[in-house]
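Just to be clear, the model below is a prediction. Sequence and coordinates:
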Amino acid sequence: MEGRITIRVNGADQELDAGTSVAGLIAELQLRPELVAVEVNRELVARAEREARELIAGDVVELVTLVGGG
Amino acid sequence: MRTPQASETRPDADTALQVGKYTFQSRLLVGTGKYATFEQMAQALDISGTDCVTVAVRRVNLDPAKGESLLDHVDRSRYTILPNTAGCFDAESAVRTSLLARDLLETDLVKLEVLGDEKTLLPDPIGTLEATEQLAAAGFTVMVYTSDDPRLGVRLADAGAACIMPAGSPIGSGQGVLNPNAIRILMELVSQPVVVDAGVGTASDAALAMELGVEGVLLNTAIAGATEPLRMAAAMRSAVHAGRNAFLAGRIPIKLYANASSPMEARIAGAGSGA
């Protein structure tokens, strides 16, 4: 639980405090939580699981939103 | 093919477009890509009369100060949002994208696209079928983008698709409906609604598609890429309406020779040719 960890977020390295949750990551990045969806290691982390899901070193996170498309 | 109730009084009365449990009053589905601004997009959607709009799922931009979201400009009380899996080239990424979209939008609707390559953007039939099976099993209402191959359409319907969406021609190509007969055959073979998705370039393409008897038309570039997108949005609204009415009205047969509209009897002496 101490120190910093490095994870991947949308293809780039991201440093975080150890013990940060998915919800915490979204807050740290100043994203609007209702406008994003999250995968960790290619698995969806559902909205209801974001607080409980703790990130660990080496996790690969995808943060997506909606954009214009056809 | 469905026809409106005989009891409906207006001569242009129509039923809604029904896709699984979803009901759309407009038979024109419109994409949100390629507009100059969000304001222009919102105006085009309004003018088009659509009540179903497609969106894409992409990585959040983490770099610059956030900026506006597409969702700030799409009134969800007015429009049903149909997330797509555009840009997915295999079933796995299309399923992952669908799961993300479902979590984000709290909808089980998805416009499934599994593409073969970036140049043609033609659908990959095997990947599309695999993803359709998986998504239908996971409870999604799958509106599946496909080629105009009628037998593939049957397989997608059997796999659980709620709506079969053949391309009229390649995405964004503006070539219109290249094989109307394939789409006619597809409609005969499946009970699910058929919506022409992709290839529409101008109003007559949309009208022709609707005249074939398809349940709807989905387009994006034809409006967003027009010189005047807002005027084209109006044109597409009219075209879909006109084509639908023409289909329901039942067109006259095509004949080789003329068939006079005015009586040939009782013409004045000396008029015309012949005896």
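All right, it came through fine. Residues are numbered from 1 along each chain as shown, chains lettered A, B, ... in the order given.

What does the pLDDT read for residue 64?
Let's take chain A. The score at A:Val64 is 97. That number is its pLDDT.

Can you look at chain B instead?
On the pLDDT scale, B:Pro64 gets 61.

Tell me which stretches of chain A form strands.
A:4-9, A:12-17, A:37-40, A:43-45, A:60-68 (DSSP state E).

Distance to chain B and mean neighbour count added to those strands, as CSV?
From N, CA and C alone the C-beta is placed, and that goes for glycine too. Shown next, in CSV, are the strands of chain A (distance: least, CB to the nearest CB, whole Å; neighbours: other CB atoms under 10 Å in any protein chain shown):
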stretch, distance to chain B, mean neighbour count
strand A:4-9, 7, 15
strand A:12-17, 7, 13
strand A:37-40, 4, 22
strand A:43-45, 5, 16
strand A:60-68, 4, 20
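
And B:Glu133, its phi and psi?
phi -60, psi -50 (degrees, to the nearest 10).

gap between it and B:Lys111?
As judged by CB to CB, to the nearest Å, B:Glu133 and B:Lys111 stand 16 Å apart.

Of those two, which one has the most company?
Ranked by neighbour count (other CB atoms under 10 Å in any protein chain shown), B:Glu133 and B:Lys111 place B:Lys111 first, with 28 against 19.

did I read that right, B:Val110 in a helix?
No - going by DSSP: H, G, I helix; E, B strand; the rest coil, the assignment for B:Val110 is strand, not a helix.

Contacts only, for it.
B:Leu82, B:Pro83, B:Asn84, B:Thr85, B:Ser98, B:Ala101, B:Arg102, B:Leu135, B:Phe140, B:Thr141, B:Val142, B:Met143 (CB atoms under 8 Å, 6 or more residues apart in numbering or on different chains).

Which ones, among the residues you listed, also lie beside chain A?
Among those, the ones lying near chain A by CB under 8 Å from any CB of the partner chain are B:Pro83, B:Asn84, B:Ala101.

On the pLDDT front, check the last one for me.
Okay, so that is B:Ala101. For B:Ala101, pLDDT reads 98.

Run a quick neighbour tally on it.
27.

Same check on the first one?
Look at B:Pro83: counted by other CB under 10 Å, it has 23 neighbours.

So it lies in a helix, does it not?
No - applying three-state DSSP, one finds B:Pro83 to be strand, outside a helix.

May I ask you to confirm that it is in contact with B:Ser98?
Yes - if you go by CB atoms under 8 Å, B:Pro83 and B:Ser98 touch, sitting 7.5 Å apart.
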